[in-house]
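[1] Pasted the sequence and its predicted model underneath.
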Amino acid sequence: MSTRTTTAGGPGGQPAIPAKGLRAGVLDLGDSVMLGLASTAPVYSLAATLGLIVAVNGNYTPLILLLGFVPVLFIAYAFRELNSAMPDCGTTFIWARRAFGPWAGWLGGWGVALAGVVVLANLAQVAGQYLWLLVGDGSLAGNRVVVTATGVLFIAFMTVVNYRGIRLGEHVQRVLTYVQYVSLGIFAVAIVVQIVGGTPAGAINGQAFDFEWFNPVGAFADPGAVVHGVLLALFIYWGWDTCLAVNEETENPATTPGRGAVISAFVLVAIYVSVALLVMMYATVGTEGIGLGNDANKGDIFLAMKDVVLGPWGWLIVVAVLASVLSSTQTTILPTARGTLSMGVHGALPAKFGAVHPRHQTPGFSTQVMGAAAIGYYVLMSLVSENLLSDSISSISLFIAFYYAMTGFACVWYFRGTLRSSPRNLWFRGILPFLGALALAAAFCISAVQMWDPGYGDTTILGVGGTFVSGVVLLAFGAVLAAVCRFAPSTRGYFVERKPAGAAV
């Protein structure tokens, strides 16, 4: 690992970023956008979430997808602006530290790592199930031991891919991205052809496009439903920030990753809304057959529709979801490993975390730790209770809202001295990030209240929803670890080092 050279943090005397030994300049804008898109697992996100949103919002689902995109876009601008000043792979960790001090930085880094580890357990579970859906009669997809073992192998394989180098990871990612989008494209074209020619036997009669689906007046006739739907929609966009975590390995690290984040966010909303419209027009939001409102279809609308839409080629959509999950598995390891790498370099974690493999130029130790942590968490939760695993995965929304909101507030505070210098700075460094952070802070509170209800998830602990307990316990564990690091000889220097909290840049 080399920390002797630095890269400039931006104009106006911004803090320099210590070089960490990563392979600089290997990714271009296209790679950055691809990583942002892959990390969100768009095919799987749609399959697993669209039915839930329809159950709450019915025909107003396309509008809800747009409303959920707004705070995400505002936070994407915060990521872009902060990255332009401090293109450090630690992202939220280093930005919150510069804005609010070492404790906020440490907890921000914990939020990123925690979300990654927990979601990897979810991705591994889904990957294991979908692989065995393709084999034989699909009965092995219901075998917990087989699915868990398969999921562990997937995490291990993707950990090795990330360990061996960013270029190898990019090649694997490109193949998986092509597979999922080509399959999704075939699925979408098949729907369009059948809508134009008349839906086939076995499908519900379709419904024509209606601008009423985007009418906020009609949607807000039930404000509670809108809030619930937006909370569901909000987090299917999560993941585009991966392209910021590989900023030090991207061409023009101060500008390209931020552009990639914003572009990928816009591409995502276009994919989500257009696919939602197609499947609504084809299957309707009805409660029978393949209708999106059918309780039997909520968990995965694509599985319910695949045979009707594609006939004997229905397995293609299973492949698309599997590829989506696998690509997200790989790209989820990327930001968690680089976040802890940065924490190691800056002294917030033991120096071992800051080690970069001399030949592969990857965060060797951090990548191994993140992969092992994800496997350990997944296996432990699977052994203890599948229901508890499901509830802990549901609590991911708390972690995401936590570190996204912290990033938005950090942007406003860090750049507070420049907000009046131009309308651009006022909007993109001040107003929009602040509004996005407020919305996500509200989402955090609303989600926590909902999760408190014992009926929210599948488990109850001491009369409280297991989702709330697991989420709060995991977040609180980060505070405990931070306190340990505060007094540990190898990391206490990070907490006592005096640095300006919030430079007036």
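    That came through, no problem.

[2] Not counting sequence-adjacent ones, nearest residue to residue 129?
    Nearest non-adjacent residue to residue 129, counting by Cβ to Cβ, 6 or more residues apart in numbering: residue 141, 4.6 Å away. All C-beta spots, glycine's among them, are computed from the backbone N, C-alpha and C.

[3] so what pLDDT did the one you found get?
    pLDDT for residue 141: 87.

[4] Name the SS class of it, please.
    helix (DSSP: H, G, I helix; E, B strand; the rest coil).

[5] Could you pull up the contacting residues of it?
    128, 129, 130, 132, 133, 147 (Cβ atoms under 8 Å, 6 or more residues apart in numbering).

[6] give me every residue that touches the third one.
    Listed by Cβ under 8 Å, 6+ apart, the contact set of residue 130 reads 141, 318, 321, 322, 325.

[7] Tell me the secondary structure at it.
    Classification of residue 130 using three-state DSSP returns helix.

[8] Relative to residue 394, how far out is the residue nearest to it when sequence neighbours are not counted?
    Nearest residue to residue 130, sequence neighbours excluded (Cβ to Cβ, 6+ apart): residue 322, at 4.2 Å. Between residue 322 and residue 394 the computed distance is 22 Å (Cβ to Cβ, to the nearest Å).

[9] Over to residue 473?
    14 Å.

[10] How about residue 179?
    28 Å.

[11] For the stretch 401-505 of the chain, which segments count as strands?
    460-461, 464-465 (DSSP state E, counting those that start in this stretch).

[12] Tell me which of those approaches residue 329 most closely.
    Closest to residue 329 of the strands of the stretch 401-505 of the chain is strand 464-465 (Cβ to Cβ; 27.4 Å).

[13] Tell me the strands beside the closest one, with direction?
    If you go by DSSP bridges, strand 464-465 pairs up with strand 460-461 (antiparallel).

[14] Give me the contact list for the strand it pairs with.
    454, 466, 469.

[15] between those residues, which is nearest residue 427?
    The nearest member of the contacts of strand 460-461 to residue 427, counting by Cβ to Cβ, is residue 469 at 39.7 Å.

[16] out of everything not next to it in sequence, what's closest to that closest one?
    residue 461 (4.5 Å).

[17] Count the residues that sit near the closest residue to residue 412 other than its chain neighbours.
    Among residues not flanking residue 412 along the chain, residue 434 sits closest, at 4.9 Å (Cβ to Cβ, 6+ apart). Applying other Cβ atoms under 10 Å, we find 18 other residues in the vicinity of residue 434.

[18] neighbour-wise, which of residue 473 and residue 394 wins?
    Between residue 473 and residue 394, counting by other Cβ under 10 Å, residue 394 is the more crowded of the two (23 against 12).

[19] can you give me the helices for the stretch 401-505 of the chain?
    With helices called from DSSP state H, counting those that start in this stretch, the stretch 401-505 of the chain shows them at 423-425, 432-452, 466-487, 492-496.

[20] same question, the stretch 101-250 of the chain
    Taking DSSP H, counting those that start in this stretch, the helices of the stretch 101-250 of the chain run over residues 102-133, 144-164, 166-197, 216-219, 223-234, 242-245.

[21] What are the buried residues along the first one?
    The reference is to helix 102-133. Buried residues in helix 102-133, counted by 16 or more other Cβ atoms under 10 Å: 102, 104-133.

[22] With the second one instead?
    Neighbour-count burial for helix 144-164 flags 146-148, 150-152, 154-155, 158-159, 161-164 (criterion: 16+ other Cβ under 10 Å).

[23] I'd like those residues laid out as TSV, including distance to residue 48 and pLDDT.
    Shown next, in TSV, are these (distance: Cβ to Cβ, whole Å; pLDDT from 0 to 100):
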residue	distance to residue 48	pLDDT
146	21	94
147	16	93
148	19	94
150	18	96
151	16	95
152	21	96
154	17	95
155	19	96
158	20	94
159	24	96
161	24	94
162	24	94
163	29	95
164	30	93
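
[24] Can you get me a residue count around the nearest residue to residue 281 once chain neighbours are set aside?
    Among residues not flanking residue 281 along the chain, residue 206 sits closest, at 5.3 Å (Cβ to Cβ, 6+ apart). Neighbour count for residue 206, taken as other Cβ under 10 Å: 17.

[25] Specify the angle between the helix or strand that contains residue 76 and helix 432-452 in degrees.
    Secondary structure from DSSP states H and E places residue 76 in helix 61-85. Helix 61-85 and helix 432-452 are oriented at 120 degrees to each other (axes from the mean of the first three to the mean of the last three Cα atoms, to 10 degrees).

[26] What residues sit buried inside helix 61-85?
    Burial within helix 61-85, assessed by neighbour count using 16+ other Cβ under 10 Å, is assigned to 61-85.

[27] Need the nearest residue in space to residue 465, chain neighbours excluded.
    residue 456 (4.3 Å).

[28] try residue 39
    That would be residue 239: by Cβ to Cβ, 6+ apart, it lies 3.3 Å from residue 39.

[29] Now that that neighbour has come up, it's in contact with residue 330, right?
    No. In this structure residue 239 lies outside contact range of residue 330 using Cβ atoms under 8 Å: 11.6 Å.

[30] follow-up on the earlier one: pretty sure the residue nearest to residue 412 contacts residue 405?
    No. In this structure, residue 434 is not within contact of residue 405 by Cβ under 8 Å, at 10.3 Å.

[31] okay but the residue nearest to residue 281 is in contact with residue 284, surely?
    Yes. Residue 206 is within contact range of residue 284, at 6.6 Å (criterion: Cβ under 8 Å).

[32] what stretches of the stretch 51-200 of the chain score poorly on pLDDT?
    Scanning the stretch 51-200 of the chain for pLDDT under 70 picks out 199-200.

[33] now the host helix or strand of the residue nearest to residue 130, how far from the centre of its chain.
    For residue 322, the host element (DSSP H and E) is helix 315-345. Distance of helix 315-345 from the chain centroid (Cα atoms, centre = their mean, to the nearest Å) equals 9 Å.

[34] ok, for residue 174, nearest residue in space, not its chain neighbours?
    Per Cβ to Cβ, 6+ apart, closest to residue 174 is residue 34, 6.7 Å.

[35] The one you found: what's it in contact with?
    Applying Cβ under 8 Å, 6+ apart to residue 34 gives the contacts 170, 173, 174, 177.

[36] Most neighbours of all the residues you listed, which one?
    Most neighbours among those, by other Cβ under 10 Å: residue 173, with 24 neighbours.

[37] Distance-wise, check that one relative to residue 34.
    Per Cβ to Cβ, residue 173 is found 7 Å from residue 34.
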